[in-house]
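**Q** attaching a predicted model along with its sequence, questions to come.
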Amino acid sequence: MSIEHLYAVPHLTTALSGPLHDIETYLLEQQAEIETWFRQQWLKTPAPFYASVDLRNAGFKLAPVDTNLFPAGFNNLNPAFMTLSIQAVQSVLERICPKAVRILLLPENHTRNQHYLESLATLQEIITKAGFEIRIGSLLPELEEKLTINLPSGRKLLLEPIQRQGNKVKIDDYEPCLVLLNNDLSSGRPEILENLEQMILPPLELGWSNRLKSDHFTEYHRATKEFSTLTGIDPWLITPLFCNCGKLDFMKREGEDCLAENVDRMLVEIQKKYDEYHISKPPFVIVKADSGTYGMGIMTIHSGAEVRELNRKQRTRMAKSKGGQIVTEVLIQEGVYTFETWGDQQSVAEPVVYMVDHFVVGGFYRVHTERGANENLNAPGMHFEPLAFAETCNTPDSNKAPDACPNRFYAYGVIARLALLAAAREHTPPDWISPAQLHSL
């Protein structure tokens with residue numbers, strides 16, 4: 001594998017790169033202070049077990065637009081750097097559960113999504129190579145017998161029904177030390193997992209049945225204000241503005257006026273910043289469900305009038321999120337352009353950074369040939385280009401230009417870790433761990 005391939009990076013197709021160049025310069029000049037600050041933050045608020053962060057690079061702005069605490073897509077990471085994931089898993093489990101030997105992995109209820117199942121197989125491989133026993137359970141109520149699934153990669157997955165005995169879950173005579181969730185709980189918290197003696201990571205409270213994106217970005221705003229005090233960066237350059245409004249019903253058109261008014265208000269605020277930085281592009285917002293994932297319940301809006309003019313098909317698409325959950329609350333988020341393009345077709349691309357504990361372990365570009373620079377790329381038709389975030393996210397090169405591959409990747413890693421810190425602060429460890437679990441440690 002060539003160095004050129006390992007450090008491949010999309011072309012940044014914009015002349016509006018001055019502010020971002022400044023951001024990268026700041027980060028490079030203050031790397032020691034930044035890493036010291038992060039180390040202090042992780043001591044106060046340990047990171048979640050794992051996470052992925054979607055970033056958008058507009059040239060004039062670099063910001064996260066989503067943080068997933070139950071990431072799929074491990075199969076899209078560069079396999080040359082799997083050792084980073086293995087070492088990170090060893091580190092986090094030695095810290096939080098040093099007696100752990102056996103792990104029960106509980107995935108999403110997908111048995112036909114081959115891409116997700118390949119991710120699950122990769123995650124199982126990482127944990128096995130980290131030195132732990134791991135078996136994959138299932139929350140599917142109809143799964144009564146073991147199910148072997150053959151994957152396109154030639155690997156096999158064995159899904160097994162779980163049982164509850166007292167305050168523990170197990171598979172037959174396999175009693176895990178901890179339960180690792182790779183299910184975002186969009187459909188609710190399974191009763192079988194409530195009040196367990198075994199540690200659950202991430203905790204149930206961080207599933208989409210409890211968590212709100214607006215809470216996450218509130219914490220992210222706080223974190224970036226602290227970070228900007230350290231670095232001197234205008235927080236807006238690394239932060240999407242956002243707001244939300246009260247309950248709404250897309251099908252009954254209830255709450256429509258509130259949504260439209262907030263969209264217009266947000267666009268005015270964005271335009272003020274665009275004027276400040278002499279940005280000629282038209283501002284836009286993203287309206288999306290305040291909980292949930294998989295790129296569902298998302299639309300790009302350029303005016304409040306567009307909200308009032310949604311047709312029935314558009315309202316139906318916004319009315320439900322993953323698992324058929326009814327959308328009653330939305331996040332109105334500043335739209336961040338992506339001016340990175342990939343390949344001869346100059347397809348729009350956005351970086352996705354993966355972390356285990358507080359370590360950046362990899363990433364990839366999400367690429368879409370049929371979407372524009374102001375659209376959601378997490379949609380059918382996307383594909384992934386793995387990147388070597390491994391060394392470059394942690395080791396910038398001061399001898400190269402700020403937007404050179406290693407330095408741009410370092411910037412990605414810094415912003416992704418800010419989002420990770422915000423996620424950690426959403427629900428701090430003392431609340432994660434019950435007295436029984438503390439005693440077991």
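**A** Arrived safely. Numbers count the residues shown, from 1 in each chain.

**Q** contacts, neighbours, all on C-alpha from now
**A** OK.

**Q** and the closest residue to Leu185 other than its chain neighbours, how many neighbours?
**A** If the residues on either side of it in the chain are set aside, Leu185 comes closest to Gly207, at 5.0 Å by CA to CA, 6 or more residues apart in numbering. By other CA atoms under 10 Å, the residues close to Gly207 number 24.

**Q** any idea how far Gly207 lies from Ile301?
**A** Applying CA to CA, to the nearest Å, the value for Gly207 to Ile301 is 28 Å.

**Q** Tyr220 now?
**A** If you measure Tyr220 against Ile301 using CA to CA, the figure is 23 Å.

**Q** one more: Val327?
**A** Between Val327 and Ile301 the distance is 17 Å, computed by CA to CA.

**Q** pLDDT below threshold where in the protein?
**A** For the chain, the stretches flagged by pLDDT under 70 are 1-22, 293-296, 321-324, 387-407, 428-441.

**Q** helices of that one, residue ranges please.
**A** Taking DSSP state H as the test, the helices found in the chain are 3-6, 18-29, 31-44, 82-96, 114-129, 213-231, 256-276, 304-308, 312-319, 389-392, 405-426, 429-432, 435-440.

**Q** out of these, flag the one nearest Pro380.
**A** Distances from Pro380 to each of the helices of the chain were compared using CA to CA; the shortest belongs to helix 114-129, at 12.4 Å.

**Q** OK, contacts around Arg312?
**A** When contacts are counted by CA atoms under 8 Å, 6 or more residues apart in numbering, Arg312 touches Met251.

**Q** could you rerun that using 7 Å?
**A** Contacts of Arg312 were listed using CA atoms under 7 Å, 6 or more residues apart in numbering, and none were found.

**Q** and it, how far from Gly246?
**A** For Arg312, the distance to Gly246 (CA to CA) stands at 21 Å.

**Q** and His221, by the same measure?
**A** 21 Å.

**Q** follow-up on the earlier one: isn't the residue nearest to Leu185 right up against Ser187?
**A** No: with contact defined as CA atoms under 7 Å, Gly207 does not count as touching Ser187 (9.4 Å).

**Q** and the residue of the chain positioned farthest from its centre, its phi and psi?
**A** Using CA atoms, centre = their mean, the residue of the chain lying farthest from its centre is Asp173. It sits 34.6 Å away. With angles defined as degrees, to the nearest 10, Asp173 sits at phi -100, psi 10.

**Q** who is Tyr50 paired with across the strands?
**A** Partner residues in beta bridges with Tyr50, using DSSP bridges, are Val356.

**Q** what is the neighbour count of it?
**A** Tyr50, neighbours per other CA under 10 Å, totals 24.

**Q** residue contacts, it?
**A** Under the criterion of CA under 7 Å, 6+ apart, the contact list for Tyr50 reads Leu69, Met355, Val356, Asp357.

**Q** ok, the residue lying closest to Glu261 once chain neighbours are set aside - contacts?
**A** Using CA to CA, 6+ apart and skipping the chain neighbours, the partner closest in space to Glu261 is Gly304 (6.2 Å). The contact partners of Gly304, taken as CA under 7 Å, 6+ apart, are Ala260, Glu261, Val263, Asp264.
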